[in-house]
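S.K.: need a structure here:
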Amino acid sequence: MEDVAQRLQAVWQKLHAMPEPAFREVKTAAYLAAALKKAGYQVTEQVAGTGVVGVLDSGKPGPVAALRTDMDCLLFKQPDGSMRGVHACGHDAHMAMVLVAAERLAAAGIPCGKVKIICQPAEEIGQGALAMMKAGALDDVDYLFGQHVMPLSMAKSGEIIPCVQWTACTLISASLTGQAAHASQPHLGISALDAGTAVVNAINALHTDPLLGGSVKTTKFLSGTTLNIIPAKAELGFDLRSTSNKEMEKLRARVMSTVKAVAAAYGVQAETRIEGTCPASEYDQSLVELARTAIREEVGEAGLLPAKATTVGEDFNFYPLQLPRLKTAFLGLGCDLGPGLHDPEMHFQHEDMVHGCNVLFRLIQKALVL
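M.R.: As a prediction, the model looks like this:
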């Protein structure tokens, strides 16, 4: 236990000190690749740009069980205008737990099949999972496990969630174009601001099934440059959430059609764009049960929490959506994390990485003999 804790802390310190944003995880990838090679994995680098894939082959027939970790950091604007990279979402901890679990699996040996370590770039911008699949990194994977450190409001130190239900999210932007005019002659113009206001009111009137946790909010409205000119341009942004992927498809279509219809009623042209999207969780219940067993063995019944839902998105959910045959499960590690994810001052109890690493180690062992 002491050796595992020391190794986890050493890996975390190394990775925490080299934060790199999406698709620029060069040093991070090199470090992970070198460690996996040293442990005995066959390693492929520059997958989907900066991704790394490690394979441990038993030489015997069996399933392919994989651990996925994200690698990218977040960027925060500093007072001087520069950008500072910070692992404020715990990806450094995720990498440490997956890497040390991978090292232990190689040292212990696996009974059959293969272990695959998926080091994925660009989770924060929702593009990494899709890029890894496009590169074929998961074509032969049967079982895939993910894990995330969770805020204190969801799990405390010594507790682990066997099933984190992430929410589907979509970000939509809209550009409205009318006709500028002097404010003394408003009849000669077509106000994009007026049309935008009507669009916001119409979006606020959209309702979704309350049992599916859907919502849509206007998050951006920019229009006008001076006080005496009817504005010809308006820029709007919307945030959509739902616990259902099918409901999200409907909501996305309703928002885009509403924007265009309302704008047209004002004589304004509208263009809408999907700026980003992540699906909701769709897990395999047999793997969720496997996770419950592994968690119970690690932290006991008191530390095993029920499944919990969050309104946050996670691009891990692209994997089962794009590869329906793939069985997945995603755990949430309690570690007294505060003040919150995506806060540059985020901190957590590092001792809990031992629990997370041990559970991942057990999960792969159990999955290989399913």
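S.K.: tell me, which helix in this structure spans the most residues?
M.R.: Longest helix in the chain, counting residues (DSSP state H): helix 245-265.
S.K.: relative to helix 245-265, how tilted is whichever helix or strand comes after that one?
M.R.: Moving toward the C-terminus from helix 245-265, the next helix or strand (DSSP states H and E) is strand 269-278. For strand 269-278 against helix 245-265, the angle by axes from the mean of the first three to the mean of the last three CA atoms, to 10 degrees is 160 degrees.
S.K.: Which residues does strand 269-278 contact?
M.R.: 125-126, 166, 168-178, 195, 199, 237, 248, 252, 255-256, 259-260, 263-264, 313-315, 317-318 (CB atoms under 8 Å, 6 or more residues apart in numbering). Where you see a C-beta, it was placed from the backbone N, CA and C, and this is true even at glycine.
S.K.: other SSEs contacting the host helix or strand of Gly300?
M.R.: Using DSSP H and E, Gly300 sits within helix 285-303. Counting contacts by 3 or more CB pairs under 8 Å, 6 or more residues apart in numbering; DSSP states H and E, helix 285-303 is packed against strand 143-151, strand 160-161, strand 327-337, helix 352-367.
S.K.: what's Pro320 in contact with, if anything?
M.R.: Leu144, Glu282, Tyr283, Asp284, Leu326, Lys327, Thr328.
S.K.: Report the buried members of these.
M.R.: The neighbour count (16 or more other CB atoms under 10 Å) marks Leu144, Tyr283, Leu326, Lys327, Thr328 as buried among the contacts of Pro320.
S.K.: now those as JSON lines including distance to Met71 and pLDDT?
M.R.: JSON lines is the format used below for the buried ones among the contacts of Pro320 (distance: CB to CB, whole Å; pLDDT from 0 to 100):
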{"residue": "Leu144", "distance to Met71": "16", "pLDDT": "98"}
{"residue": "Tyr283", "distance to Met71": "23", "pLDDT": "97"}
{"residue": "Leu326", "distance to Met71": "20", "pLDDT": "97"}
{"residue": "Lys327", "distance to Met71": "23", "pLDDT": "98"}
{"residue": "Thr328", "distance to Met71": "19", "pLDDT": "98"}
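S.K.: re the thing from before, show me the two of the contacts of Pro320 that sit farthest apart.
M.R.: Leu144 and Glu282 (12.2 Å; CB to CB).
S.K.: what sits up against the helix holding Gly300?
M.R.: 143, 145, 158-160, 162-163, 304, 307, 327-329, 331, 334, 355, 358-359, 362-363, 366-367, 370.
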